[in-house]
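[1] Need the 3D shape of this:
(one chain, ligands or ions: 1)
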Amino acid sequence: DAFIVKVSKAKALNAFIVETPDHAIAAAKDADAARAAGETLKPLAGVPIGMKDLFATKGVQTTAASHMLEGFKPVYESTVSQRLWDAGAGMLGKLNLDQFAMGSSNETSYFGNVISPWRRGGGDNAPLAPGGSSGGSSAAIAARLVPGATGTDTGGSIRQPAAFVGISGIKPTYGRCSRWGVVAFASSLDQAGPMARSVQDCAILLENMAGFDPKDSTSLELAVPKWEAGLSSSLRGKKIGIPKEYRVDGMPAEIEALWQQGIDWVKDAGAEVVEVSLPHTKYALPAYYIIAPAEASSNLARYDGVRYGLRELADGQNLQEMYASTRAAGFGDEVKRRILIGTYVLSAGFYDAYYTQAQKVRTLIARDFDNAWMECDLLLTPTAPSAAFALGEKSADPLAMYLNDVFTVPSSLAGLPAMSVPGGLDKAGLPLGLQIIGKPLDEQGVLNAGLAIE
Ligand code: GLN
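    Predicted coordinates:
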C-alpha cells in the first residue's frame, strides 16, 4: 500500500505510463494468504515492482512509449514478466522509457520525458535526465516508488540510467533472459535485466527473470544459477582488467577519479589489477549505430497500421498511403531517424560498405574481449562519460547523445554480462556509476565485484 500511495503522489516525475495497483494488491493478498496458511513463500511473494513498458503484459496497455502502440493491450504476457509473477511479484505499473528503447535520456518518449529525482547542488535546479532508455525504471527506483524494476539493455539502457540515479542494474549474458514478448529494438543485442537499489536485489530479481524459453530461438538452454546464494564480496584470486582504450580523450577528471576509486576498492577486496588492451574499442560506437538501426528498421516494419495499434486512414487513401500516414503519425523523430539510417545501411548499394563492415567490426570487438579474458577475469570501467545531464542539453544533437553510450556499447556488441553500481558523487553531488564486465555466463563474478564496490 505504501508503494501504491507513493506512485500516485509522484506524478511530476512522469515515471509511469500506466499504474496497475490492483495487480500489486493481488500479489500481496496471495502472499498474505500463503503466509496465513503456513505455506512456504515464493521467492518474490508480494513484492511490488515496476515493469518497463517494453514488456508485453496481458490486458495491460503496452506502448514502448510510442503513439504507434498507444492503447495496445496484448493478449499475451512476456516470458520475463510471467516468470516474475510466477515468483509471487506484483506490478505497480508500466514504466516510461525512450520510444522503442531508442535513446539515452528518456526524452524520446511519446508520453513525455521522465525527470530524475536528483538535482545538482548549489541552487542549480535544472531538471536532469534519468538516463535512458530505462529512465522510468531508474527514476522510480531512485525516488523509492518501487523497490525494483525491469529494464532492457541494447547498448546500455539498463546500466547508464542506473548510473545516472545512483542505483544498480545488470544486463546478463545475451540469451539469459527470454526476449519473447519484449518489443524488439535490435534483436541481436536486446537483453532484459533487473534494476534495483542493491546488488543483492539485482541478484534476486535476475534469478526470477532468467531461464531457458523455447519461444525465443536465442534463449540459452542452461539452468539458472543461484546467484544470490553465491554472492561474496571477496575478490581474492580474481584479476581485474583496466582497458586502457576506455581512457578516452576529454574524459572529465571526475570520471578518472571515480575509476581510480573503483580500482582501489577492488584491490581492497583482494583483487589483482592489470592493464589490458581492447584495441577496437573506438569502432564500437559507430558499428553499434549501424547494426542497431539496421535491425530496428527491420523489426519496426511490422507496424503497418494493420496488425497493431494505430491506424491513420484518411478518406480515399489506398493501402500504401495508409501505411505511410500511419508510420508518419505513429513514430517519433528519433525512431524515424533510426529507420532511415537502418534502411540506408541495408540498401543494396551500401550494404557492403556499412552493414558488412559493422558486422566485421563487431567480430573484432568480440575477439578483443576473448583476448582480454586470457589476462583477467573481469573488467572495470566507468559506466558513462558524464553524470546525468540536464533535460534538453543533448536532445537537439543526436551525436552528442550517442556519445554517452561509449562505455556500454562494446560489451553489448559482444553479448557479455555487464553491471553498473554506484561509485560515488561528482562535485555537483550527482551519482556516478562504475561498470563491471564479465566473461560470457559469469554473472556471478560480475555481481560479486559489484558487491565489493557497492
Ligand atoms: N542509448 C542507446 C540507443 O539509443 C541504447 C539504448 C538501449 O540500450 N535500448 O540505442
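
[2] So which bits of the protein are right by the ligand?
    Within the chain, the positions near the ligand by C-beta under 6 Å from any ligand atom are 101-104, 133, 153-157, 185, 292, 405. In short, each C-beta sits where N, CA and C put it, glycine included.

[3] rerun that using 5 Å as the cut-off
    Within the chain, the positions near the ligand by C-beta under 5 Å from any ligand atom are Ala101, Met102, Gly103, Ser104, Ser133, Asp153, Thr154, Gly155, Gly156, Ser157, Asp405.

[4] Nearest to Pro172 among the residues you listed?
    For the residues of the chain next to the ligand, the closest approach to Pro172 (C-beta to C-beta) belongs to Asp153, at 9.1 Å.

[5] For the ligand, give me its nearest residue in the protein.
    When scored by C-beta to the nearest ligand atom, the chain has Ser157 as its residue closest to the ligand, at 3.0 Å.

[6] Turn the residues of the chain next to the ligand into JSON lines, columns for pLDDT and secondary structure.
    Shown next, in JSON lines, are the residues of the chain next to the ligand (pLDDT from 0 to 100; DSSP: H, G, I helix; E, B strand; the rest coil):
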{"residue": "Ala101", "pLDDT": "98", "secondary structure": "helix"}
{"residue": "Met102", "pLDDT": "98", "secondary structure": "coil"}
{"residue": "Gly103", "pLDDT": "97", "secondary structure": "coil"}
{"residue": "Ser104", "pLDDT": "97", "secondary structure": "coil"}
{"residue": "Ser133", "pLDDT": "97", "secondary structure": "coil"}
{"residue": "Asp153", "pLDDT": "98", "secondary structure": "strand"}
{"residue": "Thr154", "pLDDT": "98", "secondary structure": "coil"}
{"residue": "Gly155", "pLDDT": "98", "secondary structure": "coil"}
{"residue": "Gly156", "pLDDT": "98", "secondary structure": "coil"}
{"residue": "Ser157", "pLDDT": "98", "secondary structure": "coil"}
{"residue": "Asp405", "pLDDT": "96", "secondary structure": "coil"}
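
[7] Most neighbours among those, please name it.
    Within those, neighbour counts (other C-beta atoms under 10 Å) peak at Ser157, which reaches 37 neighbours.

[8] OK, contacts around the closest residue to Glu19 other than its chain neighbours?
    Counting by C-beta to C-beta, 6 or more residues apart in numbering, Glu19 lies nearest to Gly93, which is 4.1 Å off, once chain neighbours are set aside. Contact partners of Gly93, counting by C-beta atoms under 8 Å, 6 or more residues apart in numbering, are Val7, Phe16, Ile17, Val18, Glu19, Thr20, Pro21, Gly50, Met51.

[9] what's the answer for Leu403, then?
    Counted by C-beta under 8 Å, 6+ apart, Leu403 has contacts Leu285, Pro385.

[10] Can you read off the pLDDT for it?
    Reported pLDDT at Leu403 in the predicted model: 92.

[11] let's number from 40 now, not from 1
    Got it, first residue is 40 now, which makes that one Leu442.

[12] for the nearest residue to Asn135 once chain neighbours are set aside, phi and psi?
    Spatial nearest neighbour of Asn135, chain neighbours left out: Gly175 (3.4 Å); criterion: C-beta to C-beta, 6+ apart. Torsion angles at Gly175 (phi, psi; degrees, to the nearest 10) stand at phi -70, psi -40.

[13] wait, Gly175 sits on Leu136?
    Yes - under the criterion of C-beta atoms under 8 Å, Gly175 makes contact with Leu136 at 5.7 Å.

[14] so the residue of the chain most remote from its centre is in which element?
    In the chain, counting by C-alpha atoms, centre = their mean, Gly355 sits farthest out from the average C-alpha position, at 42.6 Å. Using DSSP states H and E, Gly355 maps to neither a helix nor a strand.

[15] what's around the residue nearest to Asn135, how many residues?
    35.

[16] for Lys112, same thing?
    Lys112: 12 neighbours (other C-beta under 10 Å).

[17] how about the helices in the chain?
    41-48, 60-75, 118-125, 174-181, 198-204, 238-246, 292-307, 323-338, 358-369, 372-385, 396-411, 437-442, 448-452, 482-492 (DSSP state H).

[18] can you tell me which of the ones you listed the model trusts least?
    helix 41-48 (a mean of 83).

[19] tilt between that one and helix 60-75?
    170 degrees (axes from the mean of the first three to the mean of the last three C-alpha atoms, to 10 degrees).

[20] ok now do Leu80, which residues does it touch?
    Ala70, Ala73, Arg74, Gly127 are the contacts of Leu80 under C-beta under 8 Å, 6+ apart.

[21] Identify the residue spatially nearest to the second one, adjacent ones excluded.
    Okay, so that is Ala73. In space, Ala73 is closest to Leu80, 5.7 Å off (C-beta to C-beta, 6+ apart).

[22] roughly how far apart are the one you found and Ala188?
    21 Å (C-beta to C-beta, to the nearest Å).

[23] And Pro332, by the same measure?
    Counting by C-beta to C-beta, the gap from Pro332 to Ala188 is 26 Å.

[24] how about the residue lying closest to Ala426 once chain neighbours are set aside, what does it touch?
    Of all residues not flanking Ala426 in the chain, Leu469 sits nearest, at 4.0 Å (C-beta to C-beta, 6+ apart). Residues near Leu469 by C-beta under 8 Å, 6+ apart: Trp157, Arg159, Leu167, Phe203, Ala426, Ala427.

[25] By neighbour count, which of those wins?
    Busiest of those [other C-beta under 10 Å] is Phe203, holding 34 neighbours.

[26] wait, that one sits on Ala427?
    Yes - using C-beta under 8 Å, Phe203 makes contact with Ala427 at a distance of 4.1 Å.

[27] How far does stretch 485-493 sit from its chain's centre?
    18 Å (C-alpha atoms, centre = their mean, to the nearest Å).

[28] Residues in contact with it: which ones?
    Taking C-beta under 8 Å, 6+ apart as the rule, stretch 485-493 contacts 207, 209, 237-239, 241-242, 266, 269-274, 277, 279, 301, 304-305, 307-308, 310, 417, 419, 456-458, 460-462, 473, 475-477.

[29] Repeat the analysis, applying 6 Å as the threshold.
    238, 242, 266, 270-272, 274, 301, 304, 308, 417, 456, 458, 460, 473, 475, 477 (C-beta atoms under 6 Å, 6 or more residues apart in numbering).

[30] Weed out the non-buried ones from those.
    Buried by 16 or more other C-beta atoms under 10 Å: 238, 242, 266, 270, 272, 274, 301, 304, 308, 417, 456, 458, 460, 473, 475, 477, out of the contacts of stretch 485-493.
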